[in-house]
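Student: Give me a model of this one.
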Amino acid sequence: MKIKVNKAAEDLLKKKLGDTPGVIRLVHDTEGCGCVVSGVPAFHIVSDVEISDITLESNVPELTFILDGQKAVFFEEELHLSTDSGDLSLRLSSNGQHYGLYLFPKDYREQGAQV
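Tutor: Numbers count the residues shown, from 1 in each chain. Prediction:
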């Protein structure tokens, strides 16, 4: 899978990462949705990669994007991540659809939370 990141989204994620190492996990969040098919995308900043994770190819080598390989079925092969300069949310789309327009990356590194 591939994810193309525009410059404003790159800047937002780098600012969110700061100087603390981390990777950006694309998740298919089903909490409160009632059905796995009704999930919504989200971005979590985490410290560790899980065994089931795959790494997405990206046009920004300084950012590492991962996704649980079993959740890849919910996304198209080529994704686009964008935002406008100064925005705090991200937009995830593909050539065929919009996955989400107001995605706020959540940092789980300091909390040590399991996601």
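
Student: where does residue 88 sit relative to residue 16, distance-wise?
Tutor: As judged by C-beta to C-beta, to the nearest Å, residue 88 and residue 16 stand 9 Å apart. Placement of C-beta: from N, CA and C, glycine included.

Student: How about residue 78?
Tutor: For residue 78, the distance to residue 16 - C-beta to C-beta - is 23 Å.

Student: again, but for residue 49
Tutor: 18 Å.

Student: Next: residue 59.
Tutor: 18 Å.

Student: hmm, back to that, more neighbours, residue 88 and residue 16?
Tutor: residue 16 (17 against 11; other C-beta atoms under 10 Å).

Student: So the more buried one lies in a helix, does it not?
Tutor: Yes - counting by DSSP: H, G, I helix; E, B strand; the rest coil, residue 16 is part of a helix.

Student: ok, for it, nearest residue in space, not its chain neighbours?
Tutor: residue 105 (5.4 Å; C-beta to C-beta, 6 or more residues apart in numbering).

Student: low-scoring stretches of the protein, by residue?
Tutor: 29-39, 111-115 (pLDDT under 70).

Student: wait, residue 1 sits on residue 58?
Tutor: No - if you go by C-beta atoms under 8 Å, residue 1 and residue 58 don't touch, sitting 9.9 Å apart.

Student: on that earlier part again, contacting residues for the residue nearest to residue 16?
Tutor: 12, 13, 16, 24, 43, 44, 45, 90 (C-beta atoms under 8 Å, 6 or more residues apart in numbering).

Student: Mind picking the two most distant members of those?
Tutor: With C-beta to C-beta as the measure, no two of those lie farther apart than 12 and 44, at 14.7 Å.

Student: and the two? which has more neighbours close in?
Tutor: More crowded of residue 12 and residue 44, by other C-beta under 10 Å: residue 12, with 23 against 19.
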